[in-house]
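[1] Below are the sequence and a predicted model; questions follow.
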Amino acid sequence: MSLTQEVKRRATELGFCAVGVTGAERFSEAETAAVNRTRQGLMDGLSWWSEARAHASADPRRATPDARSVIALAFPHPVVNPPSPSDGPRGRIAAYALGRDYHDVLLERMQPLVAMLRERGHVAKTYVDHGWMLDRAAAARAGLGWLGKNTNLLIPGVGSSVLLAEIITSAELETDAPVKKTCGSCDACMRVCPTGALVEPGVLDNRRCISFWTIEHRGVIPLDIRPLIGDWIFGCDLCQEICPVNARPATPDTQALEAFGPMIEARPRLEELLALDDDGFRARFRNSAVWRTRRSGLLRNVCIALGNIADRGSVPALAVALDDGEPLVRGHAAWALGRLGGAAARAQLEQALRRETDAWVRDECAQALQACGPLVVPSVV
Ligand code: SF4
Ligand code: SF4
């Protein structure tokens, strides 16, 4: 058995649902596309992204000069889409974030492969999403699947509910050919996207994507985006849920999914989340990708979801958030109360405006009061 075959067999035993190999040459086509999108502003808002990073990420030999091969790996993540119980407003969390942080899970799973390569005297360097690597380009060139119009890697017989990782190695492995499939005439993902973020087939305008606003963005979410976010409080799966390639995924490997450990609720009660203090947030989300938003970011998202669901029973919970220590939470709570409207919401906004000193939050309160109906806005005493 060749080393390539050994690596692939071991990867499958470890729970990876797809594994392929490509050479360590630059991903030139993906590099050009990434640079163009960066110049067009489609990557704006991602503080960690730059044109320089696009160039560096396209070159497997940048950090590993002896690189000969790239092993591309896909690991299935839990897919849960339960119906929402009718016991009050609930939000939605993207499926990939429901288990233990996937960076940890994949890095652990790759270690036996890394050890196998190093035992044979080869260099082996791992990448999981946060490294400088064009992971979808690597996976596509290594024959794992094709890049869909929703920008995800679509693996025949598996779908897109996977997480990608790579091992750059000095081992000269046998390479795989890219798959020849395409999306054909399907454009379901482009039509379902509520924000119009898929501006062309396979081209995402980051500044319109719900995943960007609810996960990556740290500050105030623009007024025109908020109503489009719906009930998503961390990420968005709409363009994957609609995808026919995901309609009949292969039976997930239970053992692999167990690697993600206990899962957080896919549709948590929003008012419960709004009551989380720092300790509560830590206890609930420390080991999940949701931790990335920090408490203030998650509660901001919760306020927006409550505003979009617009159940007036949420006024008391939002009233508490109007007094939160974080202006980011107070301002979005005010917006949500404006969406709910009614006398109770108006009374809470009036009270908040009397005590509020933050200029942006005051502005949100004033706008929310206008949304509730005509009112004379009192000034700070
Ligand atoms: S994740 Fe949601 S907002 Fe982003 S492109 Fe897909 S459907 Fe649109
Ligand atoms: S929904 Fe259709 S167009 Fe979009 S990625 Fe899936 S197959 Fe491709």
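    All right, it came through fine. Ligands and ions are numbered 1, 2, ... in the order given.

[2] Near ligand 1, which residues of the chain? Just list them.
    150, 193, 195, 197-198, 204, 209-211, 236, 238-239 (Cβ under 6 Å from any ligand atom). (Each C-beta comes from the backbone N, C-alpha and C, glycine too.)

[3] Mind checking which of those are in strands?
    Using DSSP state E, 198, 204 are the members of the residues of the chain next to ligand 1 that sit in strands.

[4] Excluding chain neighbours, what is closest to W360?
    Closest residue to W360 apart from its sequence neighbours, by Cβ to Cβ, 6 or more residues apart in numbering: G331 at 5.7 Å.

[5] Of the residues of the chain next to ligand 1, which is the nearest to H55?
    L204 (19.8 Å; Cβ to Cβ).

[6] Now do the domain split for the chain, please.
    Domain segmentation of the chain under automatic domain parsing yields 1-256, 269-381.

[7] tell me how far the first one is from the chain's mean position?
    With Cα atoms, centre = their mean, to the nearest Å as the basis, domain 1-256 stands 10 Å off its chain's centre.

[8] re earlier: closest one to M263 among the domains of the chain?
    Taking the domains of the chain one by one with Cβ to Cβ, domain 1-256 is closest: 4.4 Å.

[9] so E272, which of the three states?
    For E272, the assignment made with DSSP: H, G, I helix; E, B strand; the rest coil gives helix.

[10] in stretch 20-28, what's buried?
    20-22, 24, 26-27 (16 or more other Cβ atoms under 10 Å).

[11] for ligand 2, what are the nearby residues on the stretch 101-250 of the chain?
    The stretch 101-250 of the chain comes close to ligand 2 at residues 148-150, 154, 183, 186-189, 242-245, as judged by Cβ under 6 Å from any ligand atom.

[12] Report the buried members of those residues.
    Buried subset of those (neighbour count, 16+ other Cβ under 10 Å): 148-150, 154, 183, 186, 189, 242-243, 245.

[13] Could you list the low-pLDDT ranges of the stretch 201-350 of the chain?
    Within the stretch 201-350 of the chain, the segments meeting pLDDT under 70 span 248-253.

[14] Which residue ranges of it form strands?
    Remark: strands assigned in the stretch 201-350 of the chain by DSSP state E, counting those that start in this stretch are 203-204, 232-234.

[15] For those strands, state which one has the densest average packing.
    For the strands of the stretch 201-350 of the chain, the largest average neighbour count (mean count of other Cβ atoms under 10 Å) is found in strand 232-234, namely a mean of 27.

[16] Parallel or antiparallel, which strands does that strand pair with?
    strand 92-93 (parallel) (DSSP bridges).

[17] buried sites along the following helix or strand past the strand it pairs with?
    Remark: after strand 92-93, the chain's next helix or strand is helix 102-119, criterion DSSP states H and E. By neighbour count on 16+ other Cβ under 10 Å, the buried set for helix 102-119 is 102, 105-106, 109-110, 113-114, 116-117.

[18] same thing with stretch 162-179?
    Applying 16+ other Cβ under 10 Å to stretch 162-179 flags 162-171, 173, 176, 178-179 as buried.

[19] and the residue of the stretch 51-200 of the chain nearest ligand 1?
    Closest approach between the stretch 51-200 of the chain and ligand 1, counting by Cβ to the nearest ligand atom: C193, at 3.2 Å.

[20] Pipe the strands of the stretch 201-350 of the chain into JSON lines and attach distance to A139 per row.
    Below are these laid out as JSON lines (distance: least, Cβ to Cβ, whole Å):
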{"stretch": "strand 203-204", "distance to A139": "17"}
{"stretch": "strand 232-234", "distance to A139": "24"}
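
[21] Quick one: closest of these to E271.
    strand 232-234 (12.3 Å).

[22] In the stretch 51-200 of the chain, where is pLDDT below threshold?
    In the predicted model of the stretch 51-200 of the chain, residues 81 satisfy pLDDT under 70.

[23] before we move on, back to that, the residue nearest to the residue of the stretch 51-200 of the chain closest to ligand 1 when sequence neighbours are not counted: how many residues sit nearby?
    In space, C193 comes closest to C239 once its chain neighbours are excluded; the distance is 5.5 Å by Cβ to Cβ, 6+ apart. Neighbourhood size, C239 [other Cβ atoms under 10 Å]: 26.

[24] isn't C239 right next to P201, touching?
    No - using Cβ atoms under 8 Å, C239 is not in contact with P201, being 11.8 Å away.

[25] Mutual contacts of the two, please.
    M190 (Cβ atoms under 8 Å, 6 or more residues apart in numbering).

[26] Of the buried ones among the residues of the stretch 101-250 of the chain next to ligand 2, which belong to helices?
    When DSSP state H is applied, those are split such that C189 fall in helices.

[27] ok, of the buried ones among the residues of the stretch 101-250 of the chain next to ligand 2, which one's closest to A336?
    Relative to A336, the closest of these is I242; by Cβ to Cβ it sits at 27.5 Å.

[28] doesn't A67 fall inside a helix?
    No - applying three-state DSSP, one finds A67 to be coil, outside a helix.

[29] Roughly how far does the residue lying closest to L144 once chain neighbours are set aside sit from F75?
    Nearest non-adjacent residue to L144, counting by Cβ to Cβ, 6+ apart: A18, 4.5 Å away. Separation of A18 from F75 (Cβ to Cβ, to the nearest Å): 9 Å.

[30] Mind listing the shared neighbours of the two?
    By Cβ under 8 Å, 6+ apart, the residues touching both A18 and F75 are V162.

[31] and the buried residues of stretch 162-179, which of them are in strands?
    By the criterion of DSSP E, membership of those in strands covers 162-169.

[32] separation between the residue nearest to W360 and V179?
    Distance from G331 to V179, by Cβ to Cβ: 47 Å.

[33] Many thanks, have a good one.
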